[in-house]
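[1] sequence-free structure coming up:
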């Protein structure tokens, strides 16, 4: 056989870029994500105490690892959705009748 042509067949894991089985365990155990850190995003008040309370709740995620953010975000989303639903349920001013919104040309 010609020495310049490699033989076909399975490629050893080390040559394929795959670490050996025992090295995979070390890689997984050595993963250490960064500690939680606040984003320091300035929150501006909206004038609605209910909405502002929900936006302040977002600050709770600053002290959690990333996998804990989802629970806070879902809770805030639920609270904001409830606040919007309440706005829809409140009766607004009466709508004038008999007045066209545009004048005929």
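    Received, thanks. Being a predicted model, the structure only gives us computed values, none of them experimental.
[2] got any ranges where this protein has weak pLDDT?
    Within the chain, the stretches with pLDDT under 70 are 1-33, 99-105.
[3] Do a quick rundown of the helices in it.
    Applying DSSP state H to the chain gives helices spanning 21-30, 49-57, 69-89.
[4] With distance to residue 63 added, can I get the ones you listed in TSV?
    Where C-beta positions appear, they are placed from N, C-alpha and C, glycine not excepted. Putting these into TSV (distance: least, CB to CB, whole Å) gives the following:
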stretch	distance to residue 63
helix 21-30	25
helix 49-57	12
helix 69-89	10
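[5] Would you reformat these as JSON lines and include mean neighbour count and distance to residue 42?
    Shown next, in JSON lines, are those (neighbours: other CB atoms under 10 Å; distance: least, CB to CB, whole Å):
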{"stretch": "helix 21-30", "mean neighbour count": "9", "distance to residue 42": "36"}
{"stretch": "helix 49-57", "mean neighbour count": "14", "distance to residue 42": "11"}
{"stretch": "helix 69-89", "mean neighbour count": "12", "distance to residue 42": "17"}
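[6] Ok, which of these comes nearest residue 39?
    Among the helices of the chain, helix 69-89 comes nearest to residue 39, with 10.7 Å by CB to CB.
[7] Now tell me what touches the closest one from outside.
    Helix 69-89 has contacts (CB atoms under 8 Å, 6 or more residues apart in numbering) with 48, 50-51, 53-55, 57-58, 60-61, 64.
[8] got the angle between it and helix 49-57?
    Angle of helix 69-89 versus helix 49-57, following axes from the mean of the first three to the mean of the last three CA atoms, to 10 degrees, is 170 degrees.
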